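let me see the structure of the following:
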Amino acid sequence: MANKNQTLGEFIIENQDSFKYTSGELSRLINSIRLAAKVVNHEVNKAGLVDITGAAGDTNIQGEDQQKLDVYANEKFIQTLTKRNIVCGIASEEEDDFVAINSQDENNQNKYVVLIDPLDGSSNIDVNVSVGTIFSIYRRVTPIGTPVKIEDFLQKGSEQVAAGYVVYGTSTMLVYTTGDGVNGFTLNPAIGTFYLSHPNMTFPENGSIYSVNEGNYMDFPKGIKKYIKYCQEEEEDRPYTSRYIGSLVSDFHRNMIKGGIYMYPKGSRNPNGKLRLLYECNPMAFLAEQAGGKSSDGHTRTMDVEPTELHQRVPFVCGSKNMVNKVEEFMREFGE
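Model (predicted):
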């Protein structure tokens, strides 16, 4: 039975039998993510004291300006996962292509690939707003012992074996699922250990917070516009509160605890949506569903979308189940 005195390491060992596969490899993989997260957290907390804020001078595959901490976090997670020899491939939002690990080693029996957004919301670093890391884990589909291929990464979200995020905020938390509920662990910075602080996290079925960049309102589909107006109406249980941080991890984390919905729909400027299916939407959708919430593109379940490319973008609606159902109702009625 989980208790709040448990460390993350103890929790992983105690619950290993609940994993779909119990070789211990997945446990070691989550432990490696924990280690890299602590290193990145240490660097994030030095922002303003050393020269790690601001743009790095390069752009990533999406054409977005890379922040110095984007580059740092990307390097640390890839280094940690590579050196511990527990994955056969990594795909990162900051890399053009996937990274094959020990691809020429016939003795490489690693079964898992990791897809990661090393530092979500990094443009907020300069103004001391919470940022995060998002990760997603799959079992490879190509034969073990052979080099990984693109199809190992282009799997539906429903095939995830684990997913989670780290939020670097007033406290640093690691939240993850292996398909058996969602649990959150808070870092004690004095001793560098994560302790179980939020067991069995769940979304309230209803919420009173909506999170969307209303500066893009005129660009939204009609169904989303109608839903926003619905949120603003004076009714017994409304108006809802508008809260938008601009860091997906932070917005999602708040909405899961308090009850709410996050929306990033498509528009003429982002005809396919803006968020990445593999690095952001699928892992958050897995967490949401495991916590009793819901996720879709306004019509289709997020984790049923068939990926076609590593950096594919999709519209994203995620949060308390009844709120997402209401958005889908408006989208069916008013369409695009």
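
and the gap between the residue nearest to residue 24 when sequence neighbours are not counted and residue 80?
Leaving out its chain neighbours, the residue that sits closest to residue 24 by Cβ to Cβ, 6 or more residues apart in numbering is residue 16, at 6.9 Å. In this view, the C-beta of every residue, glycine as well, is placed from N, C-alpha and C. The gap separating residue 16 from residue 80 is 21 Å, by Cβ to Cβ, to the nearest Å.

same question, residue 154
24 Å.

can you check residue 293 too?
With distances taken as Cβ to Cβ, residue 293 is found 30 Å from residue 80.

contacting residues for the residue nearest the centre of the chain?
By Cα atoms, centre = their mean, the chain has its centre lying nearest to residue 134, at 3.5 Å. Shown in contact with residue 134 (Cβ atoms under 8 Å, 6 or more residues apart in numbering): 116-117, 120, 163-165, 248-249, 279-280, 283-284.

could you identify the helix or strand that succeeds whichever strand or helix holds it?
Assigned by DSSP states H and E, residue 134 belongs to strand 131-139. Where DSSP H and E defines the elements, the next helix or strand beyond strand 131-139 is strand 162-168.

can you pull out the helices in the stretch 1-150 of the chain?
8-14, 25-44, 68-83 (DSSP state H, counting those that start in this stretch).

just checking, what packs against the last one?
Right, helix 68-83. Contacts defined by 3 or more Cβ pairs under 8 Å, 6 or more residues apart in numbering; DSSP states H and E place helix 68-83 against helix 25-44, strand 55-59, strand 89-92, strand 112-120, strand 131-139.

what comes into contact with the shortest one?
Outside strand 89-92, the residues that touch it by Cβ under 8 Å, 6+ apart are 74, 77-78, 81-82, 97-101, 113-118, 140, 148, 152-153, 278-279, 310.

each with direction, which strands does that strand pair with?
strand 99-100 (antiparallel), strand 112-120 (parallel) (DSSP bridges).

would a markdown table of these with mean neighbour count be doable?
Shown next, in a markdown table, are these (neighbours: other Cβ atoms under 10 Å):
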| stretch | mean neighbour count |
| --- | --- |
| strand 99-100 | 16 |
| strand 112-120 | 27 |
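
where are the low-confidence patches of the stretch 51-200 of the chain?
51-67, 103-108 (pLDDT under 70).

50 - rerun?
51-54, 56-57 (pLDDT under 50).

before we move on, back to that, dump the helices and strands packed on helix 68-83 into a markdown table; add distance to residue 200 as well.
Listed next are these as a markdown table, based on distance: least, Cβ to Cβ, whole Å:
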| stretch | distance to residue 200 |
| --- | --- |
| helix 25-44 | 18 |
| strand 55-59 | 39 |
| strand 89-92 | 30 |
| strand 112-120 | 24 |
| strand 131-139 | 21 |
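
nearest approach to residue 183 belongs to which of these?
helix 25-44 (11.3 Å; Cβ to Cβ).
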